[in-house]
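Undergrad: One predicted model, sequence on top.
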Amino acid sequence: MTDNRNTILAVILSGLVLLGWQYFFNLPQMEKQRAAQQAQQSQTTKPEAGSSTAPQTSTPSPSANVPSANAPASAQSSSAAPVSREAAIAATPRVQIESPRLSGSISLKGARIDDLSLVQFRETVDPKSPAIVLYSPSGSEEPYYAEFGWVAGNGSSARVPDQNTVWQQDGAGSLTPSHPVTLKYDNGDGLAFRRTISMDDRYVFTIKDDVANVGGAPVTLYPFALISRHGAPKVSGYYILHEGLIGYLGEHGLQEYTYKKIDDAKSVSFKATDGWLGITDKYWASALLPDTGAHLQARYSSNVVNGVRTYQTDYLEDPQTIAIGGTGSANTRLFAGAKEASVVGLNFPIGGFGGYNRELGLNHFDLMIDWGYFYFITKPMFLALDFFFHLFGNFGIAILLVTVLVKLAFFPLANKSYASMAKMKSVQPQLAALKERYPDDKVKQQQEMMEIYKKEKINPIAGCLPVALQIPVFFSLYKVLFVTIEMRHAPFYGWIKDLSAPDPTNIFTLFGLLHYDPTQLPVFGHYLALGIWPLIMGCTMWFQFKLNPTPPDPTQAMIFGWMPVIFTFMLAGFPAGLVIYWAWNNTLSVLQQSLIMRRNGVKVELFDNLKSIFASKKAESKT
């Protein structure tokens, strides 16, 4: 039975290694290669200098029950090859945006919000590195913007402002949290359009559109809003994270479409009330937040115009018939910023943050952060880490303290497991005697073993429990480190400047003494990233395995002997915070198991096992 127990444990550990390596390393590598190929293809299909037109925005059309991917109300002006972002911004008159978290501008041509940077977040851990750019205007290399307006009803000749319309600012000054701006446009045919844009001190813009009819006939108009992104975006390529088009659309629930999925579908439409929709990256997002009572004809779409792939989320509201002398109004909001849990919102029965989800009465806006199917584990994990972070000011310390809490939570179960393992060791002489007594009768050996286990109240598979308990905790911490922006660029101590990134040191460069990157070598380069913390983790795992007696079966002994080495290389590319957790957890497990073994009168064989290794090597060297 001991052999069975060891075999079961070895199979579980080996399976975890293989599945983990495949899921967290090989698949992401394949996805990154696929994304790189797509990016290369998109580069080759960009319009060359002198090409006829720039990428176009697909304005929602009221000609059907749901929006369709038709041409814009008016064609966009011709454009040459993409120019720099700075040149594209300078090409149109603008209203500046200034807030504690956002900077940028609104283009008066088209009244688009198309220039935004997140001033509190940088591209690297260097605080002097450039700010994260979210929006860029049309004509630049990677256009990404939000647009709002009206669409004329079927058969109507009413001229409405489009992406080529130049608006006028009513008054002066920049858009700030304390100073909204007003834009106006008169079509010369009896319709006067007025747009008031305000913003809070975080990431939400409020857009109020009014249109006054001073003409000679009633006009039917449909309010619309859209977010458009041109070119194939760079994605992280991990299957545990959604990047692409996202929304919570009333009774349709959460609707997530990756870029590849919407490329295949071309266009999908939904009729919904109480919904929102947008485009999300790993840490940043842009979302349309219409009034919760608005009836929406919402759409996700992917189109290729002049060789450039364009992704878009948009919606069309119910029509408004504006009588002569009357006024029509439409209101919406735009979220454009970082997916901070305290800002977006985090719903959980115990604890959590209200954020925009509660403040604006939104429908599951907290799902903008991809907590995954095991949200009931990942959300509490984040809340615990965030709590200790606000106490001690360091997420690394928070990880260490949460690990202790997890150990305490599972202390009774782990105690039973380790106690059973200690009893297992205490009966090893009896089991060895059985093999000598019945050397050729395996059935009899098993029967006698079961009697001994029953008498001593031993669970032969209890040793698997400590490993099994780590799996959900390990995954939830990995998820939190990977998807939450709070962990991005969060430092620990020493050389760890970003807990969400791998350990930057590398034994294969002698920890920085050799100035080359071994990970760029072909075929096996990605295996040559092994930092200090992964080595510490491997050592603690090796000590934990050496705490137990060497399995009698040579194959099992080999598997257990190589397991710390395999895990060391496998976790080397994981976030440093996760490796620190694993090393600290191993250390606590060694201390806990040693204490329980002593209480059960079982000799701690750690040092004996270590001595035997060096003794055997010494003997081999003499021979």
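TA: Structure received. Residues are numbered from 1 along each chain as shown.
Undergrad: Go ahead and confirm Ala338 touches Asp281.
TA: No: contact criterion CB atoms under 8 Å: Ala338 and Asp281 do not qualify, at 9.9 Å. Quick note: C-beta positions are derived from backbone N, CA and C, even for glycine.
Undergrad: These two - which one has more neighbours?
TA: Ala338 (22 against 18; other CB atoms under 10 Å).
Undergrad: who's in contact with the more buried one?
TA: Ala338 makes contact with Arg101, Leu118, Gln120, Phe121, Ile132, Tyr203, Tyr283, Trp284, Ile485, according to CB atoms under 8 Å, 6 or more residues apart in numbering.
Undergrad: which pair in the residues you listed spans the largest distance?
TA: Farthest-apart pair in the contacts of Ala338 is Arg101 and Tyr283; separation 13.6 Å (CB to CB).
Undergrad: my guess is Asp314 is in a helix, correct?
TA: No: Asp314 sits outside any helix when classified using DSSP: H, G, I helix; E, B strand; the rest coil, being strand.
Undergrad: Just list the residues touching it, thanks.
TA: Contacts here follow CB under 8 Å, 6+ apart; on that basis Asp314 touches Ser58, Thr59, Pro60, Pro67, Phe224, Ala225, Leu226, Ile227, Leu288, Ala298, Arg299, Ser301.
Undergrad: still on that earlier bit, Asp274: which of the contacts of Ala338 is nearest?
TA: Closest to Asp274, out of all of the contacts of Ala338 and judged by CB to CB, is Tyr203, at 20.9 Å.
Undergrad: any idea how far Leu360 is from the closest one?
TA: 12 Å (CB to CB, to the nearest Å).
Undergrad: May I have stretch 302-322 as PDB, with CA atoms only?
TA: C-alpha atoms of stretch 302-322 as PDB (Å, rounded to 0.1, in the frame of the first residue of the first chain):
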ATOM      1  CA  SER A 302     -14.500  43.500 -37.100                       C
ATOM      2  CA  ASN A 303     -13.900  44.900 -40.600                       C
ATOM      3  CA  VAL A 304     -11.000  45.400 -43.000                       C
ATOM      4  CA  VAL A 305     -10.900  48.800 -44.800                       C
ATOM      5  CA  ASN A 306      -8.000  49.500 -47.100                       C
ATOM      6  CA  GLY A 307      -6.100  46.600 -45.600                       C
ATOM      7  CA  VAL A 308      -6.400  47.800 -42.000                       C
ATOM      8  CA  ARG A 309      -8.400  45.700 -39.500                       C
ATOM      9  CA  THR A 310     -10.800  47.800 -37.400                       C
ATOM     10  CA  TYR A 311     -12.500  46.600 -34.300                       C
ATOM     11  CA  GLN A 312     -15.600  48.400 -33.000                       C
ATOM     12  CA  THR A 313     -18.200  48.300 -30.200                       C
ATOM     13  CA  ASP A 314     -21.200  50.600 -30.700                       C
ATOM     14  CA  TYR A 315     -24.800  51.000 -29.900                       C
ATOM     15  CA  LEU A 316     -27.900  52.800 -31.200                       C
ATOM     16  CA  GLU A 317     -30.700  54.100 -28.900                       C
ATOM     17  CA  ASP A 318     -34.400  54.400 -29.700                       C
ATOM     18  CA  PRO A 319     -35.200  57.200 -32.200                       C
ATOM     19  CA  GLN A 320     -36.300  60.600 -31.100                       C
ATOM     20  CA  THR A 321     -38.700  62.700 -33.200                       C
ATOM     21  CA  ILE A 322     -37.900  66.400 -32.700                       C
END
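Undergrad: got the end-to-end distance for stretch 164-175?
TA: One end of stretch 164-175 sits 22 Å from the other (CA to CA, to the nearest Å).
Undergrad: Buried residues, that stretch. List them.
TA: Residues of stretch 164-175 classed as buried by neighbour count (16 or more other CB atoms under 10 Å): Thr165, Trp167, Gln169, Leu175.
Undergrad: thought the first one was touching Ala111?
TA: What it means is Thr165. Yes: Thr165 lies in contact with Ala111 (CB under 8 Å); the separation is 7.4 Å.
Undergrad: can you list residues touching both of the two?
TA: Contacts common to Thr165 and Ala111, judged by CB under 8 Å, 6+ apart, are Tyr185.
Undergrad: Tell me where the stretch 51-200 of the chain is predicted with low confidence.
TA: Applying pLDDT under 70 to the stretch 51-200 of the chain flags residues 51-58, 61-80.
Undergrad: Could I get the full set of strands for it?
TA: 94-98, 102-107, 112-122, 131-135, 144-152, 168-169, 181-186, 191-199 (DSSP state E, counting those that start in this stretch).
Undergrad: which among the buried residues of stretch 164-175 gets closest to Lys416?
TA: Nearest member of the buried residues of stretch 164-175 to Lys416, counting by CB to CB, is Leu175, at 62.1 Å.
Undergrad: Please determine how far the closest one is located from Leu245.
TA: The spacing between Leu175 and Leu245, counted by CB to CB, is 27 Å.
Undergrad: quick one, strands of the stretch 501-623 of the chain?
TA: Under DSSP E, counting those that start in this stretch, the stretch 501-623 of the chain gives no strands.
Undergrad: same deal with the stretch 351-500 of the chain?
TA: Going by DSSP E, counting those that start in this stretch, the stretch 351-500 of the chain shows strands at 352-353.
Undergrad: can you tell me which residue is nearest the centre of the protein?
TA: The centre of the chain sits closest to Val483, judged by CA atoms, centre = their mean, with a distance of 3.2 Å.
Undergrad: Can you tell me the closest non-neighbouring residue to Gly139?
TA: Spatially, and ignoring its direct neighbours in sequence, Gly139 is nearest to Ala88 (4.2 Å; CB to CB, 6 or more residues apart in numbering).
Undergrad: Cheers, nothing more for now.
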